[in-house]
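Visitor: What follows is a predicted protein model with its sequence.
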Amino acid sequence: MRVIREPEIYLVGKQVVSPEEVQRFLDENETTWSSEAESGAELLAEMAGRICYMSFGARQGRKSIADYMDNIIESGHGSVLEHAVWNFIITGVSRSFTHELIRHRAGWGYSQLSQRYVDESTADFVEPDIIATDPQAHQLWMEAVETSHRAYCHLVDRLSELVEGSHPHLSRTLKRKMARQAARSVLPNATETKLFVTVNGRALRHFIELRGSAAAEPEIRKVAIKLLRIMKGEAPHVFADFVLVILEDGSLGVQTEHHKV
């Protein structure tokens with residue numbers, strides 16, 4: 001059993017543009033266009049915005065990707081950012097965190113580790129910072145987590161025996177699921193989980209703004225800050241207006257002057 005204090009985020013997927021199809025569109029519409037965007041997501045978002053006004057060729061206007069995205073964000077034209085999509089794996093987070101995260105629905109897709117199928121006898125647990133910094137609180141937390149985990153392991157063993165006796169004809173996988181799905185009821189919200197997330201640029205901006213604020217729960221704020229740092233490198237012009245700040249309690253937070261783009 002490990003005690004985890006920091007989440008981990010892996011950017012595992014990003015968009016790839018088909019230059020041949022982009023050029024075919026430009027040729028068939030008798031126009032030209034080139035972009036400074038270095039990532040597929042930013043290029044597609046820019047292209048989506050230009051489609052709205054057919055602002056290609058001589059009507060291209062703002063030429064740099066920085067100028068173009070600045071205008072999109074300042075004008076609140078956030079719908080074009082919905083065409084920019086990324087895929088992440090997030091680990092080292094608690095079930096408390098995922099209860100908060102899945103409240104974000106529009107623009108998000110989730111696939112999470114299943115406690116019905118995955119054996120949690122080797123589970124890890126995420127400790128809140130405020131508990132970890134106090135020896136007495138830490139000891140109380142450890143005792144509670146260890147007690148819950150022992151109960152889970154004993155329940156799985158006992159329920160496996162009961163299922164085997166009452167349903168010997170069932171498959172091995174189904175028997176395990178029946179035991180684990182019942183035993184998981186004693187596991188705490190601190191149990192570590194893993195999930196695969198797909199999110200578009202507009203939804204990600206909203207998440208980082210909302211969950212990076214001082215009002216956000218500390219664990220989800222850590223994730224928002226890590227995502228921002230990744231996106232500052234991945235799509236710098238889409239997230240250029242976000243800045244890291246020191247909050248009243250000394251922890252890091254996020255601010256932007258452009259709300260709900």
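Guide: Arrived safely.

Visitor: Find me the pLDDT at R62, would you?
Guide: pLDDT, R62: 67.

Visitor: can you give me phi and psi for the residue nearest to the spatial centre of the chain?
Guide: The centroid of the chain falls nearest to V197 when counting by C-alpha atoms, centre = their mean (5.3 Å). Dihedral angles phi and psi of V197 (degrees, to the nearest 10) take the values phi -130, psi 130.

Visitor: what is it paired to in the beta sheet?
Guide: Beta-bridge partners of V197, counted by DSSP bridges, are F88, Y110.

Visitor: Surely it and W108 touch.
Guide: Yes. Using C-beta atoms under 8 Å, V197 makes contact with W108 at a distance of 6.8 Å. Every residue, glycine included, has its C-beta placed from N, CA and C.

Visitor: re the thing from before, please tell me how far the residue nearest to the centre of the chain sits from E100.
Guide: Per C-beta to C-beta, to the nearest Å, V197 is found 13 Å from E100.

Visitor: rewinding a little: check contacts around the residue nearest to the centre of the chain.
Guide: Residues in contact with V197, defined by C-beta atoms under 8 Å, 6 or more residues apart in numbering, are N87, F88, I89, I90, W108, G109, Y110.

Visitor: same question, E257
Guide: When contacts are counted by C-beta under 8 Å, 6+ apart, E257 touches D241.

Visitor: On the three-state scheme, it is what?
Guide: Classification of E257 into helix, strand or coil gives coil, according to DSSP: H, G, I helix; E, B strand; the rest coil.

Visitor: Would you indicate which residues of the biggest helix by length in the chain are buried?
Guide: The helix that spans the most residues within the chain, counting by DSSP state H, is helix 135-166. With burial defined by 16 or more other C-beta atoms under 10 Å, the residues of helix 135-166 counted as buried are W141, V145, S148, H149, Y152, C153, L155, V156, L159, S160, V163.

Visitor: next SSE after it?
Guide: Past helix 135-166, heading to the C-terminal end, the next element that is a helix or strand (DSSP states H and E) is helix 172-183.

Visitor: Which strands or helices does that following helix pack on?
Guide: Contact analysis of helix 172-183 by 3 or more C-beta pairs under 8 Å, 6 or more residues apart in numbering; DSSP states H and E lists helix 135-166 as its packing neighbours.

Visitor: So which elements touch the helix it packs on?
Guide: Contact partners of helix 135-166 among helices and strands, from 3+ C-beta pairs under 8 Å, 6+ apart: helix 129-132, helix 172-183.
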